[in-house]
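> Generate a structure from the sequence data that follows.
(2 chains)
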Amino acid sequence: MTDTTTANTTPPLKRALIFLLSHRAAGLFLFILLLLGIVSVVNPAFLEVQNLKDIAVQAAPVCIISCGLMLVLVSGEIDISVGSMMGLLAACMGAMVSESRGHLPPGTAIVLTLGIGVVIGLLNGWLVAYAGVPSIIVTLGMLTALRGVTEIVMGGSWITDLPDGIRFLGTGAFMGVPISLWTALGVILISLWLIHRTAIGRRIYAIGSNPHAAYLAGLPIRPLKLFVFAWTGLLTGVATLVSVPQLSVVDSGIGVGLELLVVTCVVVGGTAVSGGLGNLSGVLCGVILMTMISTVLIFMKLGENATYWSRAIQGLFILGAIIADHWISRQRKS
Amino acid sequence: MKQRILNMIWQPETFLIVLLGILFAAMGRLDASFLQWEVQRALSSHVWELAIIAIPMTLIILTAGIDLSVGSVMGLSAITTGMLFQKGLPLPLACSASLLVGIFCGFLNGWFITRMKVHPLIITLATMAAYRGMAEGISHAKPVSGFPDSFTWLGQGDWFGLPVAAWVFAVMVGLVLWMMHGRAFGVGIYAIGHNETATRFSGLRVDRYLVALYTFSGFASALAAVLFVARRNTAKADAGMGMELGVITAVVIGGVSIFGGRGTLIGACLGVLLIHETREFVSWHWNRDELNLLALGILLILSVVFQKLLRHKQGSAL
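Numbering: from 1, shown residues only, chains lettered A, B, ... in the order given. Okay, here's the model as predicted:
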């Protein structure tokens, strides 16, 4: 059966739905516009510049990490340790720059924080690629173990004296736009280049979509997997540096539940959990949508208790994305 | 003959028993008071919920699956018990309702997994968020307490010298062992774990098995939730937070292969014992819970690495 005959037999509404679900970025973009329309009718204050800026600043670290996690998922693995990793990196960064603890210059601390992120990422990647442990087990173990390390680094008390040098990363702005947004933009551009213009990017898609063929084609599967985990570790470090200094306090609860938010964004953005599929524009729309939701819940005037449902909504969104993927693949087959 | 003995030595269960022996000897050296019967019995109240959930988790991991939502099902079931009790429903009804909620949650997991053909870890990661979120949404993260003594007896009381939860666990282990041993059910589970496609083609209704197992997991989580609420005398949305990690670690340490098809329920029970004793001893002797978090995470990863090495050895011994 050719395309034209299928097109003729399917009702136009269903065709539109199939198009929007399979072009995830377009579908999500429309959904975001719809949501914006509804919430701005209920509460016009939502569209104020300050509020939109707050949402963007919230979305920036999520966006930075999602760029890395997307590649992990595309390569056919998963990383649920990013939240704990952020907690640990925040504690390390705080302990290094704090005047009462390490008292290192901010520049050194920044480099060391990124370095620790890469090392943890490499450890994850090594365990997955070379020791052959499934990534869910490695990162589930890390999720807990790193929390333990964080508590040890924090030593039972909060870090409250972050110096101005490091606070600038969180509070400073360049041309009126917060540094975290510039960083997110930079990470997006680098990721686009990595995915579309380098052999590494294309090969990551290859090993995700057909590992066996990639192996037969002689692709360096293990180094590539090591790379995606290390890259995610580095980006988690970047996200920590631009988001944690927004507040003057580092406590041990930073990043709790972040892994789930990031996975939700990436999966809702159309990245296939089985690997090999996913594009950055979809993931970006996923990030914007998921970070909007908690603010939307507040602005919809549903009452104070509505925010308690945000986690349930996250879970339902992942399930929804899975169902949509399943439905699409069935439509394609028939 | 030599090979058979070698094979027996390389069994994970043998290692676990040796490891437990060393552990008990070390604990006795460091702090003999920890090993007193009364202390052990009192501390054991912390483990029964984990142990009960470990039974279905073992079966699920044997089929090469995983259930990350067990802790969240506990949270949702605990809240169901609490909210219905608060609304004035008699407790037996509230408990039955929470068991039904658990069964339904588990069934939903199984249904999604078999229908969507997506790896269980993604489905249960999603439902982990969804169920926990519902528990938080329904309860507004507020606790319910003030249960009558007749109910808290379930979690705090003894029956014939052992905690009630221990008897629940014993009955469940007995039933599952009876079901597994030499019966089609047990063989089927191992077959699915070894090669799901081949099992499907040999005419076994794989999907029914999987739905049944995930439903059983939901039921066990709800049962654990009722015992948890009775023990703590509080129903809160964060009940069973992080439970999935403890359960999976225990089962994997117990020699059940995360790739499916290998391992035994007895091994998993030994794994639970090992985790429990280590955890309680660190809290008892050093009183530092962050070490426990660290140890649990590292143990999980190491046990899988070790398992791979062990299989390698076993392969060469055969």
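> centroid residue for the chain?
No chain was given, so I picked chain A. A:Ser66 (2.2 Å; CA atoms, centre = their mean).
> Sorry, I should have been clearer: chain B.
Ranked by distance to the mean C-alpha position of chain B (CA atoms, centre = their mean), the top residue is B:Ala54 at 2.1 Å.
> Show me what the strand or helix carrying that residue packs onto, helices and strands only.
According to DSSP states H and E, B:Ala54 maps onto helix B:48-62. The contact analysis (3 or more CB pairs under 8 Å, 6 or more residues apart in numbering or on different chains; DSSP states H and E) places helix B:48-62 against helix B:70-86, helix B:164-180, helix B:184-194, helix B:206-232, helix B:243-253, helix B:265-281. Quick note: C-beta positions are derived from backbone N, CA and C, even for glycine.
> Report the distance from it to the chain centre.
The chain centroid and the centroid of helix B:48-62 are separated by 3 Å, computed with CA atoms, centre = their mean, to the nearest Å.
> hang on, the earlier thing: tell me which helix or strand the residue nearest to the centre of chain A sits in.
helix A:49-74.
> Toward the C-terminus from that helix, list the very next helix or strand.
Going down the chain from helix A:49-74, the next helix or strand is helix A:82-97, by DSSP H and E.
> can I have that following helix written out in PDB, keeping just the CAs?
Output of helix A:82-97 as PDB, limited to C-alpha atoms (Å, rounded to 0.1, in the frame of the first residue of the first chain):
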ATOM      1  CA  VAL A  82      22.300  13.000  38.000                       C
ATOM      2  CA  GLY A  83      20.300  14.300  40.900                       C
ATOM      3  CA  SER A  84      22.600  12.900  43.500                       C
ATOM      4  CA  MET A  85      25.600  13.900  41.500                       C
ATOM      5  CA  MET A  86      24.400  17.500  41.500                       C
ATOM      6  CA  GLY A  87      24.000  17.200  45.300                       C
ATOM      7  CA  LEU A  88      27.500  16.000  45.700                       C
ATOM      8  CA  LEU A  89      29.000  18.500  43.300                       C
ATOM      9  CA  ALA A  90      27.200  21.300  45.100                       C
ATOM     10  CA  ALA A  91      28.500  20.100  48.400                       C
ATOM     11  CA  CYS A  92      32.100  19.800  47.000                       C
ATOM     12  CA  MET A  93      31.900  23.200  45.400                       C
ATOM     13  CA  GLY A  94      30.500  24.700  48.600                       C
ATOM     14  CA  ALA A  95      33.100  23.100  50.800                       C
ATOM     15  CA  MET A  96      35.900  24.200  48.400                       C
ATOM     16  CA  VAL A  97      35.100  27.900  48.200                       C
END
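> In three-state terms, label A:Ser40 for me.
The local conformation at A:Ser40, judged by DSSP: H, G, I helix; E, B strand; the rest coil, is helix.
> Write out the residues of the stretch 51-200 of chain B neighbouring chain A.
When proximity is defined as CB under 8 Å from any CB of the partner chain, the stretch 51-200 of chain B approaches chain A at B:66, B:112, B:115-119, B:121-123, B:125-134, B:136-137, B:139-141.
> In chain B, where's the longest helix?
The longest helix of chain B (DSSP state H) is helix B:289-317.
> isn't A:Leu104 right up against A:Ala95?
No: A:Leu104 lies out of contact with A:Ala95 (CB atoms under 8 Å); the separation is 9.4 Å.
> What segments of chain A are strands?
Ranges of strands in chain A, per DSSP state E, are A:173-174, A:177-178.
> Determine which stretch of the ones you listed is the most buried.
The highest mean neighbour count among the strands of chain A, using mean count of other CB atoms under 10 Å in any protein chain shown, belongs to strand A:177-178: a mean of 16.
> Can you list the neighbours in contact with that strand?
A:Lys53, A:Ala56, A:Val57, A:Ala60, A:Thr171, A:Gly172 (CB atoms under 8 Å, 6 or more residues apart in numbering or on different chains).
> for the stretch 151-300 of chain A, what spans make up the helices?
A:164-171, A:179-197, A:199-209, A:211-216, A:221-243, A:258-268, A:280-299 (DSSP state H, counting those that start in this stretch).
> Switch these over to CSV; also include mean pLDDT, distance to chain B and mean neighbour count.
Shown next, in CSV, are the helices of the stretch 151-300 of chain A (pLDDT from 0 to 100; distance: least, CB to the nearest CB, whole Å; neighbours: other CB atoms under 10 Å in any protein chain shown):
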stretch, mean pLDDT, distance to chain B, mean neighbour count
helix A:164-171, 78, 25, 16
helix A:179-197, 91, 22, 17
helix A:199-209, 89, 14, 19
helix A:211-216, 87, 14, 13
helix A:221-243, 93, 14, 24
helix A:258-268, 88, 5, 27
helix A:280-299, 87, 11, 22
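> Specify the stretch among those that is closest to A:Arg311.
Evaluated over the helices of the stretch 151-300 of chain A, closeness to A:Arg311 peaks at helix A:258-268, with 7.9 Å, by CB to CB.
> other SSEs contacting that closest one?
Under the contact criterion of 3+ CB pairs under 8 Å, 6+ apart, helix A:258-268 touches helix A:49-74, helix A:82-97, helix A:280-299, helix A:310-333, helix B:120-139.
> repeat that with 6 Å
helix A:49-74, helix A:82-97, helix A:280-299, helix A:310-333 (3 or more CB pairs under 6 Å, 6 or more residues apart in numbering or on different chains; DSSP states H and E).
> how many degrees apart are the third one and helix A:49-74 in direction?
It stands for helix A:280-299. Between helix A:280-299 and helix A:49-74, the angle comes out at 140 degrees (axes from the mean of the first three to the mean of the last three CA atoms, to 10 degrees).
> Contacts made by helix A:280-299 with the rest, please.
Helix A:280-299 is contacted by residues A:24-25, A:28-29, A:32, A:39, A:43, A:46, A:55, A:58-59, A:62-63, A:66, A:70, A:191, A:264-266, A:268-270, A:306-307, A:310, A:313 when judged by CB atoms under 6 Å, 6 or more residues apart in numbering or on different chains.
> Name only those of the residues you listed that count as buried.
For the contacts of helix A:280-299, a burial check counting by 16 or more other CB atoms under 10 Å in any protein chain shown picks out A:24-25, A:28-29, A:39, A:46, A:55, A:58-59, A:62-63, A:66, A:70, A:191, A:264-266, A:268-270, A:306-307, A:310, A:313.
> A:Met86 versus A:Met93, what's the distance?
Distance, A:Met93 to A:Met86, using CB to CB, to the nearest Å: 10 Å.
> before we move on, back to that, out of the contacts of strand A:177-178, who's nearest chain B?
A:Ala60 (22.2 Å; CB to the nearest CB).
> Pipe the helices of the stretch 151-300 of chain A into CSV and attach distance to B:Phe201 per row.
As requested, the helices of the stretch 151-300 of chain A are exported to CSV (distance: least, CB to CB, whole Å):
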stretch, distance to B:Phe201
helix A:164-171, 58
helix A:179-197, 39
helix A:199-209, 26
helix A:211-216, 21
helix A:221-243, 29
helix A:258-268, 31
helix A:280-299, 36
